[in-house]
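Enquirer: Take a look and give me a structure for this.
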Amino acid sequence: MKTLLRLVVFACLFSSASAQDIKGKWYGMVTQIPGGYSTFFDLEFDIKQDPGITGVSYSYKHPNLYEKLQFTGKVRGDSIYLREDSAKIMQEILPEDWVLCVKNFTVAYRKVGAREFLQGTWDGKMKGDRTRDCLPGSVILSRSKEDIKYFVDSIHSPIPASGFEPVPSFTKTFANTNISKVTEIEVKHLDLELRLRDYLEVDNDTITVYLNRKILAPNIWISKKAVSIKFKMNPTVPLNELLLYAVNLGRIPPNTSEMYLIDGTRSYRIMIESDKQKTAAVYLRYKP
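Expert: Residues are numbered from 1 along each chain as shown. Model prediction:
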């Protein structure tokens, strides 16, 4: 979903996945990047954990799409890996000319107050043709439908017409990582664009971009194709902060990306590196 998870404070407490009890029902959404069948689908997990992870996934989009598959899973570090089984499709209702995608999920356990979430990314293969990749996307689930509604409602809360919200003082830590300042740039325009791509081997690196400690773009899968993120700076504060937080470390740590900041006709190339100890930070100063 193009606007999913945008413009919402989502200050998560990160816990080791191996220490969490994730069994039971989870409710949420799965998104797909532009070019796929649809921008988002409803998603549910029914997880068993005894001690290995097994379960059933339900993907649906009313009125004419419903998929039910069994999956297996494992925990490695902070990541939970869930793999649907193409040989264990329990139910399949699809629009004409659609092909079922057998999905692999990589999620992490998150907690916001009393609310629990599984958040991450997915990819997969087309049913019947393991050479055809599905267009990937993001996934967010919670323990209850009320909690996922809280999350989505906060995403779509409008920015007050009276102006920007005050920006809090930036601490030296973020989500259990240290802030690592990469650079500070003077920009001429309030409307800017980021372009992010992988400059080394593509290894499933995923980042979330924060602007002034609010989510700007969640769960960006870093590949050789640049992802464009357009945003507007807050002109009421002297310094705007961009954080590039490592959702995962990919197959080859650390999480690396090449970022271009587009400021009118000017472009800045910035090399980014984040991991579970540090989060890369870029600071922007508006000087028209």
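Enquirer: Leu135: neighbour count?
Expert: Neighbour count for Leu135, taken as other CB atoms under 10 Å: 13. In this view, the C-beta of every residue, glycine as well, is placed from N, C-alpha and C.
Enquirer: which SS class is it?
Expert: Under DSSP: H, G, I helix; E, B strand; the rest coil, Leu135 falls in the coil class.
Enquirer: separation between it and Leu216?
Expert: Remark: distance between Leu135 and Leu216 (CB to CB, to the nearest Å) = 22 Å.
Enquirer: what's the average pLDDT for stretch 73-86?
Expert: Mean pLDDT, stretch 73-86: 91.
Enquirer: Please compute how far stretch 109-117 lies from its chain's middle.
Expert: 15 Å (CA atoms, centre = their mean, to the nearest Å).
Enquirer: distance between the ends of that stretch?
Expert: The separation between the terminal residues of stretch 109-117, taken as CA to CA, to the nearest Å, is 6 Å.
Enquirer: And stretch 89-105, by the same measure?
Expert: In stretch 89-105, first residue to last residue: 16 Å (CA to CA).
Enquirer: can you pull the buried residues of that stretch?
Expert: Buried positions in stretch 89-105, judged by neighbour count with 16 or more other CB atoms under 10 Å: 100-105.
Enquirer: what does it contact?
Expert: 30, 37, 56-57, 59, 64-71, 80-86, 120-128, 134, 139 (CB atoms under 8 Å, 6 or more residues apart in numbering).
Enquirer: Would you list the buried entries among these?
Expert: 30, 37, 56-57, 59, 65-69, 71, 80-84, 120-125, 127, 134, 139.
Enquirer: Am I right that Lys149 sits in a helix?
Expert: Yes. Counting by three-state DSSP, one finds Lys149 located in a helix.
Enquirer: So what's the residue count around it?
Expert: Lys149 has 12 neighbouring residues, counting by other CB under 10 Å.
Enquirer: Narrow the buried residues of stretch 89-105 to those in strands?
Expert: Among these, the members falling in strands (DSSP state E) are 101-105.
Enquirer: a markdown table for the buried residues of stretch 89-105, including distance to Arg195 and pLDDT?
Expert: Output for the buried residues of stretch 89-105, formatted as a markdown table (distance: CB to CB, whole Å; pLDDT from 0 to 100):
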| residue | distance to Arg195 | pLDDT |
| --- | --- | --- |
| Leu100 | 33 | 90 |
| Cys101 | 27 | 90 |
| Val102 | 31 | 95 |
| Lys103 | 27 | 95 |
| Asn104 | 27 | 95 |
| Phe105 | 27 | 95 |
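Enquirer: Just flag the most distant two among those.
Expert: Farthest pair in the buried residues of stretch 89-105 (CB to CB) is Leu100 and Phe105. Separation: 15.4 Å.
Enquirer: can you confirm Met259 is in a helix?
Expert: No. Counting by three-state DSSP, Met259 is not part of a helix but strand.
Enquirer: Nearest residue to it in space, please, no chain neighbours.
Expert: For Met259, ignoring the flanking residues on the chain, the nearest one in space by CB to CB, 6 or more residues apart in numbering is Ile270 at 4.6 Å.
Enquirer: and the spatially closest residue to Leu239 that is not a sequence neighbour, how many neighbours?
Expert: Leaving aside its sequence neighbours, Leu239 sits nearest to Tyr283 (CB to CB, 6+ apart; 5.3 Å). Around Tyr283 sit 15 other residues, with neighbours defined as other CB under 10 Å.
Enquirer: Please name the bridge partners of Tyr283.
Expert: Glu184, Glu241 (DSSP bridges).
Enquirer: from memory it sits against Asn240, does it?
Expert: Yes. Counting by CB atoms under 8 Å, Tyr283 touches Asn240, with 7.0 Å between them.
Enquirer: tell me the pLDDT at the residue lying farthest from the centre of the chain?
Expert: Relative to the centre of the chain, the most outlying C-alpha is that of Pro288, 32.6 Å out, by CA atoms, centre = their mean. pLDDT, Pro288: 78.
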